[in-house]
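# Show me how the following folds:
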Amino acid sequence: MENIFLKYNCSIEEKLKNFEKYINRQSLSRFIARYELFKMIKEIKGSIIECGVHHGGGLMAWAKLSSALEPYAIHRQVIGFDTFEGFPEIGENDIGQYSNNNLYEGGFKLNYNVYDELTELIDIYNDNRFLNEFQKIKLIKGNACEKIPEFISNNPHLIVSLMFLDFDLYEPTKVALENFIPRIPKGGIIAFDEINNQYWPGETQALLEKININKFSLRKFDFDPNISFIVIE
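Have a look, this model is predicted:
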């Protein structure tokens, strides 16, 4: 696909406008899942929390969906937490019976400066949206176990309509659940990326400790194998 993308004489701008030509079905399904989650919380007051930014596709998807579908939602921010340096540490609850090549300190660290790239992309995004004097995206860099409580302390007004958990690990997932669940109103959503996943047991362990799943439906999409979610009812 990379060879085809580079081979033909068409501008990058036009190629991006026709992104469906190039992305695989898994990536398209993942975007559709985000769209479906966003539709569910569109009428719910509160910001969107992205727990684990990585390349930033999810972060920018939430922000662009908000700008396109609810241009007057000036108080709905998209807040992304990530070390931008890979996993800070691995705990015993993260180690399962199946091997995982990325399960080490620094795992999933990218080979480019995604934080700076996202900062530039956010500037371009802001130039193309309505009411751009109101900040939409916030990037919170550092260990989420420290940054989440600090952020809430500095932003006591925060209400959360959607929390997307993609930290992969037990400890930051537990901290996110502890701190953000009390701020999610009825109709809000907690979404997960690695629940019931034998390679990432920590996320499930944190869920089981912090939420009585017998009281909720843990829903999924037919077209995506990983994303699941709970609607607060």
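# Relative to residue 179, how far out is residue 44?
According to CB to CB, to the nearest Å, residue 44 and residue 179 sit 19 Å apart. All C-beta atoms are positioned from the backbone trio N, CA, C, and that covers glycine.
# same thing with residue 7?
48 Å.
# more crowded one of these two?
residue 179 (20 against 8; other CB atoms under 10 Å).
# element containing the spatially closest residue to that one that is not a sequence neighbour?
Of all residues not flanking residue 179 in the chain, residue 148 sits nearest, at 5.1 Å (CB to CB, 6 or more residues apart in numbering). Using DSSP states H and E, the element containing residue 148 is helix 144-154.
# list the buried ones in that helix?
144, 145, 147, 148, 151 (16 or more other CB atoms under 10 Å).
# In terms of secondary structure, what does that helix contact?
strand 78-82, strand 137-141, helix 170-180 (3 or more CB pairs under 8 Å, 6 or more residues apart in numbering; DSSP states H and E).
# Just put the ones you listed in JSON lines and tack on mean pLDDT and distance to residue 88.
What follows is these, written out as JSON lines (pLDDT from 0 to 100; distance: least, CB to CB, whole Å):
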{"stretch": "strand 78-82", "mean pLDDT": "98", "distance to residue 88": "10"}
{"stretch": "strand 137-141", "mean pLDDT": "98", "distance to residue 88": "12"}
{"stretch": "helix 170-180", "mean pLDDT": "98", "distance to residue 88": "8"}
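# For these, give me JSON lines that also has distance to residue 157.
As requested, the helices and strands packed on helix 144-154 are arranged in JSON lines below (distance: least, CB to CB, whole Å):
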{"stretch": "strand 78-82", "distance to residue 157": "13"}
{"stretch": "strand 137-141", "distance to residue 157": "13"}
{"stretch": "helix 170-180", "distance to residue 157": "14"}
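# can you tell which of those is closest to residue 97?
Set against residue 97 and scored by CB to CB, the helices and strands packed on helix 144-154 come closest in helix 170-180, at 15.6 Å.
# Let me know the next secondary structure element after the closest one.
Next element after helix 170-180 (DSSP H and E): strand 189-192.
# contacts for that next one?
Residues from elsewhere that reach strand 189-192 (CB atoms under 8 Å, 6 or more residues apart in numbering): 37, 40-41, 161-165, 177, 181, 184, 203, 207, 211, 227-232.
# Based on its surroundings, how many neighbours for residue 158?
16.
# Pull the contacting residues for the residue nearest to residue 179.
81, 172, 175, 176, 179, 180.
# Taking the centroid of this structure, which residue is nearest it?
residue 50 (3.4 Å; CA atoms, centre = their mean).
# Pull out the buried residues from the lengthiest strand in the chain.
Ranked by residue count, the top strand of the chain under DSSP state E comes out as strand 224-231. By 16+ other CB under 10 Å, the buried positions in strand 224-231 come out as 224, 226, 227, 228, 229, 230, 231.
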